[in-house]
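Colleague: output the structure for:
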Amino acid sequence: MRRRDARPLGPGTAAPDAARHGEDPEGTPRHMNAPKGLPLWLKIVTGLVSVALVAGVAFAAFWFIRLQTNITKAPLSAAESRDSSDAVVNDKSDRLQILILGSDTRDGKNSQYGNADDSTGYGHSDVMMLLDISADNKRVSVMSFPRDLLVDVPQCTDHTNNQTFPARSGVMINEAMAEAGIGCAVDTINKLTGLEIDHFMMADFNAVKELSKAVGGVDVCVSDPVFDPDSGLRLAKGNSQVEGEQALAFLRTRHAFGDGGDLGRIKGQQAFLSSLTRKLKADGTLGNPQRLLQIADVVTQNLTVDEGLASVPSLLTIGGRLKDIDVSKVAFVAVPTQPAAVDPNRLELVEPQASQLFAALRADLDLTNPGATSSPAPTAPGDGTPSAAPTTAAPPVPAYNKAIQPVAVANGSGVGTRAQEILATLTGNGFTQSVSYLANPVEKTVVYYGPDFADVATDVATLFGIPAAQVQQARGVSGVQLYVGTDFATGTAYGAASVPPDVVNQTAKEAVCQQVNPLYITQ
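Modeller: Model (predicted):
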């Protein structure tokens with residue numbers, strides 16, 4: 001018997017069973033059918049996005065590989081073994097200290113500035129500046145060290161050949177890296193200042209020329225028309241824009257500014273960097289990734305950095321931290337120096353001003369705020385004695401009469417008026433018979449006392465916050481002697497760092513005109 005829906009099967013007609021099983025007329029399961037075509041606009045958008053992503057990845061890869069290939073690196077320290085307890089700095093959020101070096105090597109692209117004898121070894125550090133960026137990115141200090149400064153260089157090991165060079169005393173600071181490399185210069189600055197440098201950047205002559213070209217020139221100012229045949233600097237009076245060879249000449253000249261010494265040269269370098277900072281800020285370069293990459297490409301071709309900074313992200317991080325800085329808080333300072341006693345053609349630190357400056361830096365004080373102070377430093381761990389820091393509670397009444405106690409102030413601080421400040425505090429607190437005299441300079445302040453004066457010495461130390469470990473009985477002392485050292489050159493609270501007056505040469509906000517050496521003024 002035939003079913004009512006049965007019909008003869010003609011060509012192209014699927015069997016009823018196939019229809020019931022979800023097959024199309026050709027017998028293909030419906031779940032395997034191709035979807036309908038995408039709208040044309042969606043295809044175009046998808047294609048454009050794909051092209052943009054590929055191009056973006058290729059662009060990033062190109063710059064990363066190019067810049068990474070440019071970078072030359074060297075060890076941060078020349079010590080035989082770096083302290084494993086040293087914490088790794090976070091370049092994005094920590095306080096950052098970077099030693100900026102300018103090499104005077106005449107090798108390769110710099111051969112036109114010297115001869116074959118100048119092209120061997122590591123060269124000397126022609127420029128040495130310590131860049132200090134605060135953790136909150138609100139302050140930057142740039143401290144210059146004159147190349148003629150006599151310092152002590154620690155023992156250094158050249159890690160390329162493991163050759164060790166002994167410690168040296170009284171040598172020019174620019175010689176620190178000549179034997180054992182850049183790491184030895186870093187170690188020397190650490191030893192000199194008591195700081196711990198996180199990174200270094202060393203550029204050669206060619207880097208200065210190319211950077212000045214990349215930013216379109218740097219504005220400088222001189223008080224008179226100047227010509228220095230040694231460096232090739234030639235400028236008209238007033239404002240000029242320098243780039244290339246003239247930018248390098250402005251930074252290299254050793255005779256054209258001031259009295260023709262290294263300090264005049266430093267002020268010229270600081271004025272140049274100050275102007276460069278203002279230009280980069282005004283142009284928005286530090287916030288423009290494309291411009292920053294172009295400048296980074298130029299700089300990294302002539303740059304040597306430590307291993308921790310030898311990556312493109314690290315270098316760009318530094319630029320990113322500086323982009324929003326207030327130029328009035330970018331302070332350019334120079335280490336306080338004077339002609340050296342052993343050689344007037346060399347320089348030595350002026351104390352206690354240099355120690356005050358280094359202490360202010362260690363305490364992370366704002367150098368643009370003269371007189372700013374930190375809290376007194378606590379007694380060092382492991383000292384074995386508690387600090388004699390002043391207390392807010394009323395001191396007990398002593399079992400002696402302060403007014404008749406023999407207290408002497410020996411001024412070994414190196415500051416002529418220091419004894420008067422200390423005496424004023426002593427007399428104001430009842431030690432009215434105190435006297436003072438000039439003494440040989442010493443580094444550490446000590447309270448000495450004779451027999452039966454231990455209690456008086458303790459009270460004098462407590463008055464100034466001098467640690468108990470620096471209170472000692474001594475032969476030949478009658479009564480109490482407060483021997484003031486260079487570590488207590490300011491204030492009445494021992495261990496408190498303060499910003500010395502007039503320490504800032506200029507800020508990046510200021511446009512300073514360089515005073516031309518009269519011997520180099522030309523018409």
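
Colleague: residues contacting the nearest residue to Ala135 once chain neighbours are set aside?
Modeller: Counting by Cβ to Cβ, 6 or more residues apart in numbering, the nearest residue to Ala135 once its immediate chain neighbours are dropped is Arg95, at 4.5 Å. Using the backbone N, CA and C atoms, a C-beta is placed for each residue, glycine as well. Contact analysis of Arg95 by Cβ atoms under 8 Å, 6 or more residues apart in numbering lists 132-135, 364.

Colleague: for PyMOL, what selects the buried ones among those residues?
Modeller: In PyMOL, a selection of the buried entries from these looks like this (16 or more other Cβ atoms under 10 Å):
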select buried, resi 132+133+134
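
Colleague: in strands, which of the contacts of Arg95 fall?
Modeller: 132-133 (DSSP state E).

Colleague: now the contacts of Arg95 in CSV, with pLDDT and distance to Ala331?
Modeller: Listed next are the contacts of Arg95 as CSV, based on pLDDT from 0 to 100; distance: Cβ to Cβ, whole Å:
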residue, pLDDT, distance to Ala331
Asp132, 96, 9
Ile133, 95, 12
Ser134, 95, 11
Ala135, 94, 16
Asp364, 93, 13
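
Colleague: list just the nearest of the contacts of Arg95 to Pro166.
Modeller: Of all the contacts of Arg95, Asp132 has the smallest distance to Pro166: 30.3 Å, by Cβ to Cβ.

Colleague: per-residue pLDDT, Ser103?
Modeller: Note on Ser103: pLDDT of 79.

Colleague: can you give me the helices in this structure?
Modeller: 16-20, 40-70, 176-180, 182-193, 205-214, 245-252, 262-283, 289-300, 312-322, 353-362, 418-428, 454-464 (DSSP state H).

Colleague: ok, for Val330, nearest residue in space, not its chain neighbours?
Modeller: Using Cβ to Cβ, 6+ apart, the closest residue to Val330 is Ala508 (3.6 Å).

Colleague: what about the one you found, how many neighbours?
Modeller: When counting by other Cβ atoms under 10 Å, one arrives at 24 neighbours for Ala508.

Colleague: for it, give its distance to Phe145.
Modeller: 19 Å (Cβ to Cβ, to the nearest Å).

Colleague: likewise Leu273?
Modeller: If you go by Cβ to Cβ, the gap between Leu273 and Phe145 works out to 15 Å.

Colleague: those two - which one has more neighbours?
Modeller: Ranked by neighbour count (other Cβ under 10 Å), Leu273 and Phe145 place Phe145 first, with 26 against 21.

Colleague: look up how far Phe227 lies from the closest residue to the more buried one other than its chain neighbours.
Modeller: Once flanking residues are discounted, Phe145 sits nearest to Met128: 4.4 Å by Cβ to Cβ, 6+ apart. Applying Cβ to Cβ, the value for Met128 to Phe227 is 27 Å.

Colleague: the more surrounded of the two?
Modeller: Counted by other Cβ under 10 Å, Met128 and Phe227 do not tie: Met128 has more neighbours, with 26 against 15.

Colleague: quick one on the thing from earlier: look up phi and psi at the residue nearest to Val330.
Modeller: phi -70, psi -10 (degrees, to the nearest 10).

Colleague: contact partners for it?
Modeller: Ala508 touches 273-274, 277-278, 327-328, 330, 332, counting by Cβ under 8 Å, 6+ apart.

Colleague: 10 Å instead?
Modeller: Ala508 makes contacts with 140, 142, 270, 273-278, 280-281, 325-332, as judged by Cβ atoms under 10 Å, 6 or more residues apart in numbering.

Colleague: domain ranges for this structure?
Modeller: The chain breaks down into these domains under automatic domain parsing: 72-362, 402-488.

Colleague: surely Val484 meets Gln420?
Modeller: No: at 11.4 Å, Val484 does not count as touching Gln420 under the criterion of Cβ atoms under 10 Å.

Colleague: can you read off the pLDDT for the residue nearest to Ala135?
Modeller: So, for Arg95, pLDDT stands at 95.

Colleague: one more: Ala493?
Modeller: Reported pLDDT for Ala493: 89.

Colleague: and it, how many neighbours?
Modeller: 19.

Colleague: wait, doesn't it sit right on Ser375?
Modeller: Yes: in this structure, Ala493 is within contact of Ser375 by Cβ under 10 Å, at 8.3 Å.

Colleague: buried ones among the contacts of Ala508?
Modeller: By 16+ other Cβ under 10 Å, the contacts of Ala508 give 140, 142, 270, 273-278, 280-281, 325, 327, 329-332 as buried.

Colleague: hey, what's Cys221 bridged with?
Modeller: Beta-bridge partners for Cys221, by DSSP bridges, are Asn239.

Colleague: wait, doesn't Pro500 sit right on Val335?
Modeller: No: assessed by Cβ under 10 Å, Pro500 is found out of contact with Val335, at 11.3 Å.

Colleague: where do the contact lists of the two overlap?
Modeller: With Cβ under 10 Å, 6+ apart as the test, Pro500 and Val335 both reach 353-354, 357.

Colleague: kindly indicate which of these lies nearest Lys191.
Modeller: Among those, and counting by Cβ to Cβ, the member closest to Lys191 is Ala354, at 13.4 Å.

Colleague: let me see the confidence value for the closest one.
Modeller: 88.

Colleague: what of Gly414?
Modeller: pLDDT, read off for Gly414, is 83.

Colleague: try Ser314
Modeller: The model reports Ser314 with a pLDDT of 82.

Colleague: neighbours of the residue lying closest to it once chain neighbours are set aside, how many?
Modeller: Spatial nearest neighbour of Ser314, excluding adjacent residues (Cβ to Cβ, 6+ apart): Asp91 at 5.7 Å. The number of residues packed near Asp91 is 21, by other Cβ under 10 Å.

Colleague: and if you look at the one 5 residues further on?
Modeller: Applying other Cβ under 10 Å, we find 22 residues neighbouring Leu96.

Colleague: and it, how far from Lys237?
Modeller: 39 Å.

Colleague: okay, now the unreliable bits of the chain?
Modeller: For the chain, the stretches with pLDDT under 70 are 1-38, 41-68, 80-87, 104-121, 377-397.

Colleague: list the contacts for the residue sitting nearest the centre point of it?
Modeller: Using Cα atoms, centre = their mean, the residue of the chain that lies closest to the mean C-alpha position is Leu131, 2.3 Å off. The contact partners of Leu131, by Cβ under 10 Å, 6+ apart, come to 96-100, 140-143, 197, 199-201, 273, 318, 322, 330.

Colleague: now do Met177
Modeller: With contact set as Cβ under 10 Å, 6+ apart, Met177 has these partners: 74, 78, 101, 103, 121-125, 128, 153, 156, 183-188, 200, 202.

Colleague: mind running it again at 6 Å?
Modeller: Neighbour list for Met177: 122, 125, 184-185 [criterion: Cβ atoms under 6 Å, 6 or more residues apart in numbering].

Colleague: which non-adjacent residue is nearest it?
Modeller: That would be Ala185: by Cβ to Cβ, 6+ apart, it lies 4.0 Å from Met177.

Colleague: ok, Gln269 next?
Modeller: Leu251 (5.5 Å).

Colleague: the one you found - how many residues pack around it?
Modeller: If we define neighbours as other Cβ under 10 Å, then Leu251 has 23 of them.

Colleague: touching, it and Gly268? I think so.
Modeller: No: Leu251 is beyond contact range of Gly268, at 7.0 Å (criterion: Cβ atoms under 6 Å).

Colleague: before we move on, back to that, adding neighbour count and distance to Leu286, write the shared contacts of Pro500 and Val335 out as a markdown table.
Modeller: Listed next are the shared contacts of Pro500 and Val335 as a markdown table, based on neighbours: other Cβ atoms under 10 Å; distance: Cβ to Cβ, whole Å:
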| residue | neighbour count | distance to Leu286 |
| --- | --- | --- |
| Gln353 | 22 | 33 |
| Ala354 | 21 | 32 |
| Leu357 | 25 | 28 |
